[in-house]
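J.: sequence plus the predicted model coming up.
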Number of protein chains: 2
Amino acid sequence: GHVVIIGWNPATESAYNELRSLNVAKHIVLVHERGPVIHDEMTTTVRGDPTRTETLLRASVDKASMAIVALDDDAKTALTVLAVKALNPRARIVAEALYPEHVDLIHKAGADIVLATRSLGGRLLAAALLEPGAAMFVEDAASAAYGKAKFKEIPGKRFAGKPFGEAMRLLREKGCTPIAVRRGTALIPNPPDSLIILESDAIVVVTPREEETC
Amino acid sequence: GHVVIIGWNPATESAYNELRSLNVAKHIVLVHERGPVIHDEMTTTVRGDPTRTETLLRASVDKASMAIVALDDDAKTALTVLAVKALNPRARIVAEALYPEHVDLIHKAGADIVLATRSLGGRLLAAALLEPGAAMFVEDAASAAYGKAKFKEIPGKRFAGKPFGEAMRLLREKGCTPIAVRRGTALIPNPPDSLIILESDAIVVVTPREEETC
Ligand SMILES: [Ca+2]
Ligand SMILES: [Ca+2]
């Protein structure tokens, strides 16, 4: 299925560029009222009120595999997530909340992941005052498209039953640094060496951008 | 000196809360035209056009040690950074750019660090579709105030002359995972074990939130 990006602002523009650069090779449909109309081999644009089912159907939301919803207005984002979920219960939905206190509500509306990206940005502004390396690292690693590092998930399968310390040693030999384990919807950052890795885990690593080393 | 936060929006609101929670014990002066007027033991609010020198002087910008500038308008942010720099060349200035193409210009205006936080947020929305653990990790680690991890800078001094691999081993024993080295304004993410640490380096680590283990 295709990817639908609902709303046009600096965040969705950047998400659009990132998805293109990742070569996930899926068609992307942009849905918005006032953004640019892009039509190329990879992109279709649908103009209209994104909270209306009629608009979403023109974007074939019912056949999409993934959707990003970021409307710069938490009420509209929540309403649109409800509409997308109603049309397509199987699509993975990622939504942006302006305010952290709305994260849970937008989650309940049906989004799989809700990121309070502006709040995150503010925390990074604060960190940049006091610990500049931390902010610089996040800037670099959050993008696959530029810089010298990126975050990546690798399947825990090949380390199943082994302690995290051993996975750390093997992955470091290949130039990657494991920093967290995702277990379903729970995250275990900075795990102890003794944590036993499950087959269904995903290991979050920092990896050099250029090569797929690990 | 005090910290000045110029502009009120979800990002600066979050930066304000983060700085308060970090107990850096500095006075914070908020400067904006339409945000809330907060006056308490830690905070003063100055109302006025933040691009005007007169407003900035009422916030004692000339005596501040740090400033965050985030005005939701890259032209106003650049102009304000120029004004802050003119009043106080020694203050550390962190600025938010809405669009990545303005980062260099705002840097040239005098900001020490410029973060395109909305663009970063968009890249995380894209990452959340494909590698959810990466986005979850950034959300957690970017804040000292909540979650199970945080990013931290530690001085390279105690590891000066040693290879990164040895620092990694010693820091992991204390429950921290080093992920990058900051050398002045350059960042070396995911360094090889053989990198020799300099006295002036800072090591960026992921650390458990609760304790200062390393
Ligand atoms: Ca990168
Ligand atoms: Ca945290």
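T.: Now that the structure is in, tell me what you want to look at. Ligands and ions are numbered 1, 2, ... in the order given.

J.: ranges for the helices of chain A?
T.: Taking DSSP state H as the test, the helices found in chain A are A:10-21, A:53-58, A:74-87, A:103-108, A:117-130, A:132-141, A:164-173.

J.: can you put the ones you listed in CSV and add mean pLDDT and distance to ligand 2?
T.: All C-beta atoms are positioned from the backbone trio N, CA, C, and that covers glycine. Shown next, in CSV, are the helices of chain A (pLDDT from 0 to 100; distance: least, CB to the ion, whole Å):
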stretch, mean pLDDT, distance to ligand 2
helix A:10-21, 93, 21
helix A:53-58, 98, 35
helix A:74-87, 98, 22
helix A:103-108, 94, 15
helix A:117-130, 91, 9
helix A:132-141, 87, 11
helix A:164-173, 93, 19
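
J.: these two touch, right, A:Asp193 and A:Met168?
T.: Yes - the criterion here is CB atoms under 8 Å, and A:Asp193 meets it with A:Met168 at 7.0 Å.

J.: which neighbours do those two have in common?
T.: Shared contacts of A:Asp193 and A:Met168, defined by CB atoms under 8 Å, 6 or more residues apart in numbering or on different chains, are found at B:Arg172.

J.: neighbour-wise, which of those two wins?
T.: Taking neighbours as other CB atoms under 10 Å in any protein chain shown, A:Asp193 and A:Met168 compare with A:Met168 leading, 22 against 14.

J.: now do the contacts for the more buried one.
T.: A:Thr177, A:Pro178, A:Asp193, B:Arg172.

J.: try it again at 7 Å.
T.: A:Pro178, A:Asp193 (CB atoms under 7 Å, 6 or more residues apart in numbering or on different chains).

J.: from B:Val46, how far off is A:Lys148?
T.: A:Lys148 sits 40 Å away from B:Val46, going by CB to CB, to the nearest Å.

J.: ok, now A:Ala149?
T.: On the measure of CB to CB, A:Ala149 and B:Val46 end up 39 Å apart.

J.: who has more neighbours, the two?
T.: Using other CB under 10 Å, the more surrounded residue of A:Ala149 and B:Val46 is A:Ala149, with 23 against 19.

J.: I'd guessed that one sits against A:Pro208; true?
T.: Yes - between A:Ala149 and A:Pro208 there is a contact at 6.5 Å, judged by CB atoms under 7 Å.

J.: could you name every residue contacting both of these two?
T.: Common neighbours of A:Ala149 and A:Pro208 (CB under 7 Å, 6+ apart) are B:Asn190.

J.: ok, the residue of chain A found nearest ligand 1 - how many residues close by?
T.: Ligand 1 sits closest to A:Gly147 of chain A, with a gap of 3.1 Å, by CB to the ion. A:Gly147 is flanked by 16 other residues according to other CB under 10 Å.

J.: pLDDT score assigned to it?
T.: Residue-level confidence at A:Gly147 comes out at 79, pLDDT.

J.: next, it: phi, psi?
T.: phi 90, psi -170 (degrees, to the nearest 10).

J.: equivalent analysis for A:Leu22, please.
T.: Backbone geometry at A:Leu22, expressed as degrees, to the nearest 10, gives phi -80, psi -10.

J.: correct me, but it touches A:Ala144?
T.: Yes - look at A:Leu22 against A:Ala144 with CB under 7 Å: they come within range, at 5.6 Å.
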